[in-house]
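Asks: Could you work out the structure for the sequence below:
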Amino acid sequence: MRVKLLVSEAWRSLAANASTTFAATVTVLVGMFIIGLFIAVFTWTDSAANHLKKQLVVQVDFKPTGEPGGPATRAQENAVARMLQANPKVKKITFVSKEEALQIMKRRDPEMVSHLPWNPLPDQLVVTATNADYLGDIAASLQHPLPPGVDKIVQGKQLRGFVLRFAHVIDVLFLVGAVVLAVASTLLIGNTIRLSIFSRRREIEVMKLVGATNWFVRGPFMIEGLICGLGGALLAIFFLVIGKAVALPAIDYQRFVQDSPDVHAWAFPYTALTLIGMSLVLGAVGSGLTVHRFLKV
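Replies: Numbers count the residues shown, from 1 in each chain. Below you'll find the predicted structure:
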């Protein structure tokens, strides 16, 4: 019975204060819409960064025909492979023969290899690390001196450094941005609710003077916050769905990762549930904390 009374009182108050109700709902809408965009953009970017990190490898080129001491023997190649397999930082080793390397080169740049009198490409080992940060250590383990039969180690230091720095920056920005947006949304919603409560401070004083408990006074305002939060979140989700349907087809974002299936933003249902949960918490907590100062009569 008491819950029904609180809900009816909150609903009556929302209808009687339509302007502040609208302002609070729009504030939640804007805040949740921005947070929704933030989640979509940064989870996709973080996924793309992780995808790029997976592409970072150490390439071991064996001595080809014509090089001093070349070509590398199968025994030498196997010895290097065993050495890498014993390294706990190595996740996977892929052997690429010189014939396979030539076919790959033909697909990438057929004009460059169309008039070659022989295959100058070496056998290769492509090494994937358990963590992209270990690539430098893996390369260093094969140098000074190089194992017999190895011509050179290719690890793309500049690309590796750029991708890892990019990934770390994305992680930091995601954390900082999430905190800033959450605090900003809380302050905006709290200020809007404060205006609503301030306009009804006399009503609160009367309720306190006739013996209403703090929670009985606070209850309708918290329910109002929940309703405004839920309404704003649902509207934000609606506009995000429209934006997704309209904007994404016009943005060729997948070309940066060649349509890789493992590059994607956070699933939209999870984003929607997160926005609803955040808006409910912000609405209820913002209302409860804001009305506290007016309970001291």
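
Asks: how is the protein carved up into domains?
Replies: When the chain is parsed with automatic domain parsing, its domains come out as 2-52+162-292, 57-155.

Asks: so where do the strands sit in this protein?
Replies: Taking DSSP state E as the test, the strands found in the chain are 58-62, 90-96, 124-129, 150-154.

Asks: List the buried residues for the longest one?
Replies: So that's strand 90-96. Applying a neighbour-count criterion of 16 or more other CB atoms under 10 Å, one finds Val90, Ile93, Val96 buried in strand 90-96. (Each C-beta comes from the backbone N, C-alpha and C, glycine too.)

Asks: can you map out the helices along this protein?
Replies: Secondary structure of the chain by DSSP state H: the helices cover 2-16, 18-55, 74-85, 98-108, 110-113, 135-141, 157-198, 201-209, 214-247, 268-292.

Asks: What are the contacting residues of the third one?
Replies: It stands for helix 74-85. 60, 62, 90, 93, 95, 123, 125, 127, 138, 141-142, 147-150 (CB atoms under 8 Å, 6 or more residues apart in numbering).

Asks: can you pull the buried residues of it?
Replies: For helix 74-85, by 16+ other CB under 10 Å, it's Gln76, Glu77, Ala79, Val80, Leu84.

Asks: quick one: which of those residues is nearest Gly219?
Replies: When those are compared for distance to Gly219 (CB to CB), Leu84 wins out at 65.8 Å.

Asks: ok so, going back, let me know the closest of the buried residues of strand 90-96 to Ile223.
Replies: Val90 (58.1 Å).

Asks: pretty sure Lys91 contacts Ala129?
Replies: Yes. Counting by CB atoms under 8 Å, Lys91 does reach Ala129; the two are 5.9 Å apart.

Asks: quick one on the thing from earlier: and the domains of the chain, which one averages the lowest pLDDT?
Replies: Among the domains of the chain, domain 2-52+162-292 carries the lowest mean pLDDT, a mean of 73.

Asks: Let me see the contact set for the residue nearest the centre of the chain.
Replies: Residue closest to the average C-alpha location in the chain (CA atoms, centre = their mean): Thr43, at 2.0 Å. Applying CB under 8 Å, 6+ apart to Thr43 gives the contacts Phe174, Ala265, Trp266.

Asks: As JSON lines, the residues you listed with neighbour count would be great.
Replies: Below are the contacts of Thr43 laid out as JSON lines (neighbours: other CB atoms under 10 Å):
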{"residue": "Phe174", "neighbour count": "17"}
{"residue": "Ala265", "neighbour count": "20"}
{"residue": "Trp266", "neighbour count": "15"}
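
Asks: can you redo the strands of the chain as a markdown table with distance to Lys106?
Replies: Output for the strands of the chain, formatted as a markdown table (distance: least, CB to CB, whole Å):
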| stretch | distance to Lys106 |
| --- | --- |
| strand 58-62 | 18 |
| strand 90-96 | 14 |
| strand 124-129 | 16 |
| strand 150-154 | 20 |
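
Asks: can the helices of the chain go into JSON lines with extra columns for distance to Pro68?
Replies: Conversion of the helices of the chain to JSON lines gives the following (distance: least, CB to CB, whole Å):
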{"stretch": "helix 2-16", "distance to Pro68": "85"}
{"stretch": "helix 18-55", "distance to Pro68": "33"}
{"stretch": "helix 74-85", "distance to Pro68": "14"}
{"stretch": "helix 98-108", "distance to Pro68": "18"}
{"stretch": "helix 110-113", "distance to Pro68": "24"}
{"stretch": "helix 135-141", "distance to Pro68": "22"}
{"stretch": "helix 157-198", "distance to Pro68": "26"}
{"stretch": "helix 201-209", "distance to Pro68": "91"}
{"stretch": "helix 214-247", "distance to Pro68": "58"}
{"stretch": "helix 268-292", "distance to Pro68": "58"}
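
Asks: Out of the ones you listed, which is closest to Asn119?
Replies: That would be helix 98-108 among the helices of the chain, by CB to CB, at 5.1 Å.

Asks: by contact count, what packs against that closest one?
Replies: helix 110-113 (3 or more CB pairs under 8 Å, 6 or more residues apart in numbering; DSSP states H and E).

Asks: Kindly recompute the last result at 10 Å.
Replies: With contacts taken as 3 or more CB pairs under 10 Å, 6 or more residues apart in numbering; DSSP states H and E, helix 98-108 sits against strand 90-96, helix 110-113, strand 124-129.

Asks: Understood, closing this out.
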